[in-house]
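J.: can't give you the sequence, but here's the structure:
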């Protein structure tokens, strides 16, 4: 399974980066191949200063070795070895009318000291972070997520949408990071779902990513915007940074397993502002977004 999933994310990385380069029209992804001293490595691809994408990363990695003590406590296990592979992406567009998007799909195995596999699971999802709210875009993104889920189980979309709404919540701000999507973790074998079934589901979601995001980019990338719109985008990006550094489990896992810092922190936008005690004008488009972020919405 680990080879099968790693092959899948290699192909998916190629598909996604090719399409995003085509949309941008000027910038290309810069590729870094890297190795982790404790075992494994990855292929980082970053796009910067494009016509459409100000910064973005589409990374894959496959790492293995002894599970660090900090992660043993998180998983509530003793000494163990692990294998983890996944694709993680974050795209920060230049135009404030185009939303930021994040996605990842991953697979994890854990082994005892005799080398026997004692656990395996999938995780992942995709979520949208707009700076200006176009309700039709939110509905489109969620509809694509729902369609992918419904092919496997009609209960998956409402379940994993709620997990996403709960997870991407900036508790210290009492607001959502964005308008959500899907988030699932620890998908383990059950009577109803084999690991092959979970593989089919996770890859279905992965394959739906471009369909969920590209039409929104195409529709919004040429819209006019002002310096004030750009300032608002940078203030909201600050909230994105706060979530990633304070709450995000993937970032914490990478930092605590001696992950590659440049790959982990590629999710951070290039231009950000923290304005003291900032509040948008009541009734403005900016205010409309903030109100939506205070309570999850059923988009479809």
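T.: Good, I have the coordinates. These numbers come from a predicted model, not from an experiment. Residues are numbered from 1 along each chain as shown.
J.: Closest to the centroid, which residue in the protein?
T.: Against the mean C-alpha coordinate of the chain, by C-alpha atoms, centre = their mean, the closest residue is residue 103 at 2.7 Å.
J.: next one: phi and psi at that residue?
T.: phi -160, psi 150 (degrees, to the nearest 10).
J.: can you check residue 294 too?
T.: Per-residue torsions, residue 294: phi -80, psi -10 (degrees, to the nearest 10).
J.: Please give me every residue in contact with it.
T.: 174, 175, 176 (C-beta atoms under 8 Å, 6 or more residues apart in numbering). Using the backbone N, CA and C atoms, a C-beta is placed for each residue, glycine as well.
J.: and the first one, backbone torsions?
T.: According to degrees, to the nearest 10, the main-chain angles of residue 174 amount to phi 60, psi 50.
J.: Could you do the last one as well?
T.: According to degrees, to the nearest 10, the main-chain angles of residue 176 amount to phi -70, psi 150.
J.: and it, what is it in contact with?
T.: Contact partners of residue 176, counting by C-beta under 8 Å, 6+ apart, are 165, 168, 169, 170, 293, 294, 296.
J.: Which of the residues you listed lies at the shortest distance from residue 42?
T.: residue 168 (23.8 Å; C-beta to C-beta).
J.: list the buried ones in stretch 67-76?
T.: 67, 71 (16 or more other C-beta atoms under 10 Å).
J.: same question, stretch 229-249
T.: Buried, per 16+ other C-beta under 10 Å, within stretch 229-249: 229-230, 232-237, 239-240, 242-244, 247-248.
J.: Other residues contacting it?
T.: Contact with stretch 229-249 is made by 92, 96-97, 100, 129, 131-132, 168-173, 175, 177, 251, 267-269, 271-275, 278, 280, 286, 289, as judged by C-beta under 8 Å, 6+ apart.
J.: for the longest helix along the chain, which positions count as buried?
T.: In the chain, with assignment by DSSP state H, the single longest helix is helix 195-220. Neighbour-count burial for helix 195-220, counted by 16+ other C-beta under 10 Å, picks out 195, 198-199, 201-203, 205-206, 208-210, 212-214, 216-217, 220.
J.: what's the helix or strand for residue 147?
T.: helix 135-150 (DSSP states H and E).
J.: and the angle for that helix with helix 195-220?
T.: Computed by axes from the mean of the first three to the mean of the last three C-alpha atoms, to 10 degrees, the angle separating helix 135-150 from helix 195-220 equals 160 degrees.
J.: and the contacts of stretch 229-249, which are buried?
T.: 92, 96-97, 100, 129, 131-132, 168-170, 175, 177, 251, 267-269, 272, 286, 289.
J.: Out of those residues, which sit inside strands?
T.: 92, 100, 129, 169, 170, 175 (DSSP state E).
J.: Check those and tell me the two furthest apart.
T.: Greatest spatial distance among those (C-beta to C-beta): 92 and 169, at 20.5 Å.
J.: Report the distance from the host helix or strand of residue 121 to the chain centre.
T.: Using DSSP H and E, residue 121 falls within strand 117-129. Taking the mean of its C-alpha atoms, strand 117-129 sits 11 Å from the chain's own mean (C-alpha atoms, centre = their mean, to the nearest Å).
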